[in-house]
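**Student:** quick one, structure for this:
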Amino acid sequence: MSDTEPQTATGKVLWHFTMSLDGFVAGPDHGMDWMSGISARPGLIDEYVRSTGAVLGGRDGWDAAGGHRPYGGLWDGPVFVLTHHPEDAAPADGVTFLNCGPEEAVRIGLEAAGGKNLEVFSPTIGRRLLELGLIDEIDLHIAPVLLGEGVRLYDNPGGGPIRLHRLGEGDPTSVVNVRYRPATTARIPAGTVE
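**Tutor:** Residues are numbered from 1 along each chain as shown. The predicted structure is shown next:
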């Protein structure tokens with residue numbers, strides 16, 4: 001199975017991440033170095049640059065990113081960072097630090113997006129918006145990497161399962177089959193296993 005249809009700018013709230021096969025969207029301390037050497041289908045980044053009107057993220061991720069703009073700086077637009085302490089945030093061009101509820105942050109972000117999509121780049125905010133029924137789509141790019149630790153896309157201990165419908169052709173409730181092979185494997189010489 002390949003990617004679904006190209007992303008369109010239709011004013012939706014899009015929870016968007018590249019995720020490791022074991023469910024992490026960032027390494028320890030929000031590290032993103034694990035993404036080097038991972039490729040996407042041609043034109044994918046351009047789709048998001050064209051369809052994104054605004055970005056909503058969390059303070060931990062923003063601080064860890066060191067003020068880097070989404071999509072390697074190819075995208076330019078309003079960024080909103082939801083934080084309990086906007087007063088101690090380092091100012092940045094095009095970035096507004098919000099201290100409000102997630103519903104209000106979505107309202108502000110969608111208005112600023114001007115009919116394009118509001119992309120949510122925070123697992124914590126995304127989970128809360130999902131609980132509130134404010135996520136229109138979850139858009140994941142599964143990377144052929146196992147991290148083992150870091151920041152999970154969805155972490156809700158004690159909560160019930162959230163049922164999703166896959167977009168694209170076919171049964172929306174069917175599983176997605178993914179097959180990978182380790183990039184490096186240790187071979188045990190024949191006859192050495194007892």
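**Student:** from E5, how far out is the residue nearest to V145 when sequence neighbours are not counted?
**Tutor:** Nearest non-adjacent residue to V145, counting by C-beta to C-beta, 6 or more residues apart in numbering: S20, 4.7 Å away. Where C-beta positions appear, they are placed from N, C-alpha and C, glycine not excepted. Remark: distance between S20 and E5 (C-beta to C-beta, to the nearest Å) = 24 Å.
**Student:** what about the two, which has more around it?
**Tutor:** More crowded of S20 and E5, by other C-beta atoms under 10 Å: S20, with 23 against 9.
**Student:** got phi/psi on that one?
**Tutor:** The phi/psi pair for S20 (degrees, to the nearest 10) reads phi -70, psi 160.
**Student:** on that earlier part again, hmm, the residue nearest to V145 is touching W34, no?
**Tutor:** Yes - S20 is in contact with W34 according to C-beta atoms under 8 Å; the separation is 7.0 Å.
**Student:** could you tell me which residues touch both of the two?
**Tutor:** A143, V145, L147 (C-beta atoms under 8 Å, 6 or more residues apart in numbering).
**Student:** L164: which of the residues you listed is nearest?
**Tutor:** Proximity of the shared contacts of S20 and W34 to L164 (C-beta to C-beta) peaks at A143, which lies at 19.3 Å.
**Student:** and that closest one, what is it in contact with?
**Tutor:** Taking C-beta under 8 Å, 6+ apart, we find A143 in contact with T18, M19, S20, L21, W34, M35, I38.
**Student:** quick one, which of the residues you listed are buried?
**Tutor:** T18, M19, S20, W34 (16 or more other C-beta atoms under 10 Å).
**Student:** which one of those residues is nearest to W75?
**Tutor:** Looking across the buried ones among the contacts of A143 and measuring by C-beta to C-beta, the closest to W75 is T18, at 15.1 Å.
**Student:** distance between the helix or strand the closest one falls within and the chain's centre?
**Tutor:** Using DSSP states H and E, the element containing T18 is strand 13-20. On the basis of C-alpha atoms, centre = their mean, to the nearest Å, strand 13-20 sits 2 Å off its chain's mean C-alpha point.
**Student:** which neighbours in the sheet does that strand have, and how are they oriented?
**Tutor:** strand 117-121 (parallel), strand 137-143 (parallel) (DSSP bridges).
**Student:** what angle sits between the longest helix along the chain and strand 117-121?
**Tutor:** Ranked by residue count, the top helix of the chain under DSSP state H comes out as helix 102-113. If you take axes from the mean of the first three to the mean of the last three C-alpha atoms, to 10 degrees, helix 102-113 sits at 130 degrees to strand 117-121.
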